[in-house]
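Enquirer: coordinates only, no sequence provided:
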């Protein structure tokens, strides 16, 4: 799961810094930009929780928020791209929703485990 997570972080970094005229971005242009940001960071925030890394929650959240901000700033140096504060907000919303969903699923799984007797 950790390898998948790091691969996804790499994909988000590459996708965020590709030039505006990149064929990859032309394919992705059919989806709303803010939805792409929110969904990417939702998955990046949720995967560590799904994998059982609950004790790293604060580090994951703060790291992803920092990554979103850094990538937005670095887009100023990518041809045809620019920094968009609304994209950063979509990143943060994605992180918050991903962590919330991960915690809710974890809580549900623990409750189910307890009610079946395997959590005693």
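Expert: Everything's here; your move. Keep in mind it's a predicted model, so treat the numbers as computed, not measured. Numbers count the residues shown, from 1 in each chain.
Enquirer: which helices and strands does the helix or strand of the chain with the lowest mean pLDDT pack with?
Expert: Sorting the helices and strands of the chain by mean pLDDT, DSSP states H and E puts helix 23-28 at the bottom, at a mean of 74. Identification of packing neighbours for helix 23-28 by 3 or more C-beta pairs under 8 Å, 6 or more residues apart in numbering; DSSP states H and E yields helix 2-17. (C-beta placed from N, C-alpha, C; glycine too.)
Enquirer: can you tell me how far residue 100 is from residue 84?
Expert: Residue 100 is 24 Å from residue 84, where distance means C-beta to C-beta, to the nearest Å.
Enquirer: what separates residue 13 from residue 68, distance-wise?
Expert: Applying C-beta to C-beta to residue 13 and residue 68 gives a distance of 11 Å.
Enquirer: to clarify, my last question referred to residue 5.
Expert: Taken as C-beta to C-beta, the span from residue 5 to residue 68 is 16 Å.
Enquirer: again with residue 1
Expert: Taking C-beta to C-beta, one finds residue 1 at 21 Å from residue 68.
Enquirer: sorry, back to before: looking at residue 13 and residue 68 now, which is surrounded by more residues?
Expert: A count of neighbours by other C-beta atoms under 10 Å puts residue 68 above the other of residue 13 and residue 68, at 24 against 14.
Enquirer: list the residues that contact that one.
Expert: The neighbourhood of residue 68, defined by C-beta atoms under 8 Å, 6 or more residues apart in numbering, consists of 37, 41, 87-88, 91-92, 95.
Enquirer: that one sits in which helix or strand?
Expert: Secondary structure from DSSP states H and E places residue 68 in helix 57-74.
Enquirer: cool, residue 105 as well?
Expert: Counting by DSSP H and E, residue 105 is found in helix 85-115.
Enquirer: could you check the angle that helix makes with helix 2-17?
Expert: Interaxial angle of helix 85-115 relative to helix 2-17 (axes from the mean of the first three to the mean of the last three C-alpha atoms, to 10 degrees): 160 degrees.
Enquirer: alright, calling it a day.
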